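A.B. asks: model this:
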Amino acid sequence: MTSATSPFPEHGKPRSRWIWGWACYLLLSGGVLGLMLVSRLNGYFEGLFLGQSDMLLSMAISLMLLACLLLLAMLGIFALYRIIRGRDHWLKLGILALPVVGMAIGRYLPLPTFNDGVRETLRTKTSGADFVGLAKATVATPPRWLADDETPAFSANKEAWIKAAAPFDRLSVEPHPKVSLKGKNLLLEWGGPFSRRWGLAISSVPGAKPGIPSHATYSEEIHPEVWLFNSYL
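C.D. replies: Next comes the predicted model:
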C-alpha cells in the first residue's frame, strides 16, 4: 500500500495534470514576449522624437514586464518541482524552455531600434549643412554660457540657444542636451545614469567626419559631418 505521506498518487488514481498552472505559464510566457517587443518598439518611437518619451508608459511597460517575469519564475520553479517528483511528464520540460526560446528569438527579430528612429528623423528634417553651420558658428564664437555652466543662468541660456539654433529651431528637443566643444567638433549628449545615453558628434568642416568621444560604444553616420553615438558608461 502506498504511504499516506508519499508525494506520488496512489495506484489507479489519475495524476493531477495541473492544467491551470501550465495554462498560466503559457499565458505569462506570451505576455513576457509581447512586452519585450512593445518595449523595443517604444524605443524606436523615442528615437523618432529624439529621445522624448512618455515616462509613465515606459515605467508601466517595465513594471509589467518585471511582474510577469517574477510570476513566470515562481511558476517555473513549481513546475520543475512537479516534474522532478513525477507529478508531470518530463517532456513538459520543453514547455518550461519556451519563454527562454521565445525571448531569444524576440531579441533578434529585425525590429526598428532607437537609433533607427533618430536617423530617420534627422535625415528627413535636417541636412549636413545645417549642422556644419551650427558647429562652425559655435566653434568660431563659443556661447558665453559654455564657460559659465555653474551659474544659475546656465540652463536658461542654453535652452534659449537650443531653441534658436538651426536646425534645432524646427525640432522639438527635450530634455536639452549637454553641449561641449572638442577641437573643431560640437558634441551634444543626452541621458544620465538611469536613462539612455546617446549623442551627436558634429564636425564644423564640410565633408569631414567628426571625432567620436572615447566613451562611445557605438557610432553611425547620419550625415557625413554628423554621427550618432551611444554610450553605456
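
A.B. asks: Residue 31 touches residue 67, doesn't it?
C.D. replies: No - using Cβ atoms under 8 Å, residue 31 is not in contact with residue 67; the gap is 9.3 Å. Where C-beta positions appear, they are placed from N, C-alpha and C, glycine not excepted.

A.B. asks: in this protein, which ranges drop under the pLDDT threshold?
C.D. replies: By pLDDT under 70, the weakly predicted segments of the chain are 1-17, 54, 148-154, 233.

A.B. asks: and residue 42, what helix or strand is that in?
C.D. replies: Assigned by DSSP states H and E, residue 42 belongs to helix 19-48.

A.B. asks: Any buried residues in that helix, and which?
C.D. replies: Using 16 or more other Cβ atoms under 10 Å as the burial criterion, the residues of helix 19-48 that qualify are 22, 25, 28-29, 31-33, 35-36, 40, 42-44, 46-48.

A.B. asks: List the buried residues of the next helix or strand after it.
C.D. replies: Counting by DSSP H and E, the next helix or strand C-terminal to helix 19-48 is helix 55-84. Using 16+ other Cβ under 10 Å as the burial criterion, the residues of helix 55-84 that qualify are 61, 64, 65, 68, 69, 71, 72, 75, 76, 79, 82, 83.

A.B. asks: Work out the gap between helix 55-84 and the centre of the chain.
C.D. replies: With Cα atoms, centre = their mean, to the nearest Å as the basis, helix 55-84 stands 19 Å off its chain's centre.

A.B. asks: Point out the other elements, helices or strands, that that helix touches.
C.D. replies: With contacts taken as 3 or more Cβ pairs under 8 Å, 6 or more residues apart in numbering; DSSP states H and E, helix 55-84 sits against helix 19-48, helix 93-96.

A.B. asks: what inclination does it have with respect to helix 19-48?
C.D. replies: Angle, helix 55-84 to helix 19-48, by axes from the mean of the first three to the mean of the last three Cα atoms, to 10 degrees: 150 degrees.
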